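In: dropping the sequence and predicted coords here.
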Amino acid sequence: MSNDLSAIKKLVSDVRDTWDESTASMTKNHTELRVALDHAYRPAWDLKLQRVALVDLPADKPMINGPLFTSGKHPWPAEEGLLAVPIVQLDLAILGALYGIDLGKGLVQLWHGEKRLTARVIATEDLSPFAAAITPLMPGEAMAAYHFELGAYGLPSFVSNPHRIIGYHGPYLFGPMEHDEALNQMIAAQSTSKVLQAQLKRLRKTVLSGRKQFAQNNRIFGSFDALHVAPEDLPPTLFSSIDENLLNTGDAGIITLHYSKLDEQIIFSGYLQSY
């Protein structure tokens, strides 16, 4: 299958529709796979990153692992006397256009605090003119003031290893590896109809092709491989990362940013699953 968003969405939709019309008996693993088709098998894009010097990093642009935009109105988040670690900053209009949904406008940010993740939106009107209002982080500031693990040269990773997001690779179909066995079993089962069997084979081939073609360490949309919670236990995924080399927060695992709609308002939240 080509990397076509409409084709990817249609494939998953067709599998769900055919499955729901089927009368085949299912094991617990098969039932969990069917639930995952509603929440975890989703189009995704890898981030196209460019490492830049701290002084060359535009504070009002998408970035990962860099000092995100802050101002007097939107100060650097702090918790129990420690400043949070910046994780990612994404342009909502760009992401909404990619996926074909309305996420609003502005920049959504994710920060890693001492005990929790903080997600917030910087409205577009608060970004201009950003140059006069921004409060940048300088490497000379007291390092003990931040919640982080030291990276290269004794500096936090967001100082020594910032990256701009300059584009997106994809789309591809992301599917969690924990459902691979159930997917294979469902394909092989005699009770699976020929139509559903063919669709599941296409689904498997498309997922495996995405794993082969894309690194999937830092991505937007899609979902994630569950450690302690499954994708269906959280709102839809907007961003996920397992890149320990890039995100030096002191916690190895999966860090995710999620979105949901409440009373016509888009709500963002972060989640961390540590190994």
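Out: Structure's in. What do you need? Residues are numbered from 1 along each chain as shown.

In: can we go C-alpha only for contacts and neighbour counts from here?
Out: OK.

In: chain center to the longest helix along the chain, what's the gap?
Out: In the chain, with assignment by DSSP state H, the single longest helix is helix 194-213. On the basis of Cα atoms, centre = their mean, to the nearest Å, helix 194-213 sits 22 Å off its chain's mean C-alpha point.

In: the helix or strand just after that helix - contacts with which helices or strands?
Out: With elements assigned by DSSP states H and E, the helix or strand that comes after helix 194-213 is strand 218-221. For strand 218-221, the helices and strands in contact under the criterion 3 or more Cα pairs under 8 Å, 6 or more residues apart in numbering; DSSP states H and E are strand 42-51, strand 237-241.

In: who touches the first one?
Out: Spelled out, that is strand 42-51. Contacts of strand 42-51 with the rest of the structure, by Cα atoms under 8 Å, 6 or more residues apart in numbering, involve 5, 8-9, 12, 161-175, 214-223.

In: try stretch 99-110
Out: With Cα under 8 Å, 6+ apart as the contact definition, stretch 99-110 has outside contacts at 5, 60, 62, 68, 86-93, 95-96, 117-124, 257, 266, 270.

In: if we go to 7 Å?
Out: Under the criterion Cα atoms under 7 Å, 6 or more residues apart in numbering, residues 86-93, 96, 117-124, 266, 270 lie in contact with stretch 99-110.

In: burial-wise, tell me which of the helices and strands packed on strand 218-221 comes out on top.
Out: strand 237-241 (a mean of 24; mean count of other Cα atoms under 10 Å).

In: mind giving me the packing neighbours of the helix or strand that comes right after it?
Out: Reading on from strand 237-241 to the C-terminus, the next helix or strand found by DSSP H and E is strand 253-262. Taking 3 or more Cα pairs under 7 Å, 6 or more residues apart in numbering; DSSP states H and E as the contact definition, the neighbouring helices and strands of strand 253-262 are strand 237-241, strand 265-274.

In: tilt between strand 253-262 and strand 237-241?
Out: Taking axes from the mean of the first three to the mean of the last three Cα atoms, to 10 degrees, one finds strand 253-262 and strand 237-241 inclined to each other by 170 degrees.

In: please identify the pairing partners of strand 253-262 and their relative orientation?
Out: When pairs are called by DSSP bridges, strand 253-262 turns out to pair with strand 237-241 (antiparallel), strand 265-274 (antiparallel).
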